[in-house]
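**Q** this one's structure only:
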């Protein structure tokens with residue numbers, strides 16, 4: 001789980017310095033646990049999965065940029081409003097392959 005926020009200083013959406021890997025079952029304390037950003041994201045890739053009213057589901061691969069976090073790559077994988085079985089998983093795998101850690 002990587003929460004994001006908006007920052008005028010950094011020019012838009014930014015990752016917040018709270019990263020958690022949740023494994024079920026998890027407690028409220030596990031969700032709120034704060035770990036150091038560098039250690040938490042070391043050798044990890046990040047993809048953004050989202051819903052947009054105009055295009056439906058989308059997944060965006062990212063590039064990890066030293067000292068700046070993750071930046072979205074230009075083109076999202078657009079799944080549309082109705083997702084067929086297996087399509088979300090296959091698209092997420094493609095986005096993970098395109099992402100750079």
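**A** Cool, the structure landed. Model, not experiment: these values are computed from the prediction.
**Q** now for the top helix by length along the chain, which elements pack on it?
**A** What stands out as the longest helix in the chain, according to DSSP state H, is helix 87-98. Counting contacts by 3 or more Cβ pairs under 8 Å, 6 or more residues apart in numbering; DSSP states H and E, helix 87-98 is packed against strand 47-52, strand 56-65, strand 77-80. Every residue, glycine included, has its C-beta placed from N, CA and C.
**Q** what residues does it touch?
**A** 45, 47, 49, 57, 59-61, 73, 77, 79 (Cβ atoms under 8 Å, 6 or more residues apart in numbering).
**Q** narrow those residues to those that are buried.
**A** Buried members of the contacts of helix 87-98, counted by 16 or more other Cβ atoms under 10 Å: 45, 47, 57, 59-61, 73, 77, 79.
**Q** Throw those into CSV and include pLDDT and distance to residue 67, thanks.
**A** Output for the buried ones among the contacts of helix 87-98, formatted as CSV (pLDDT from 0 to 100; distance: Cβ to Cβ, whole Å):
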residue, pLDDT, distance to residue 67
45, 84, 18
47, 85, 21
57, 82, 31
59, 87, 26
60, 90, 21
61, 92, 20
73, 91, 19
77, 90, 27
79, 88, 32
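**Q** and which of those is nearest residue 100?
**A** residue 45 (7.3 Å; Cβ to Cβ).
**Q** so the closest one makes contact with residue 101?
**A** Yes - Residue 45 lies in contact with residue 101 (Cβ atoms under 8 Å); the separation is 4.8 Å.
**Q** joint contacts of those two?
**A** Contacts common to residue 45 and residue 101, judged by Cβ under 8 Å, 6+ apart, are residue 64.
**Q** who does the closest residue in space to residue 55 that isn't next to it in sequence form a beta bridge with?
**A** In space, residue 55 comes closest to residue 78 once its chain neighbours are excluded; the distance is 5.3 Å by Cβ to Cβ, 6 or more residues apart in numbering. When bridges are called by DSSP bridges, residue 78 pairs up with residue 58.
**Q** mind checking pLDDT for residue 31?
**A** At residue 31, the model reports a pLDDT of 52.
**Q** in stretch 71-78, which residues are buried?
**A** 72-73, 76-77.
**Q** ok so, going back, output the helices and strands packed on helix 87-98 as CSV; include the columns distance to residue 86.
**A** CSV is the format used below for the helices and strands packed on helix 87-98 (distance: least, Cβ to Cβ, whole Å):
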stretch, distance to residue 86
strand 47-52, 15
strand 56-65, 14
strand 77-80, 11
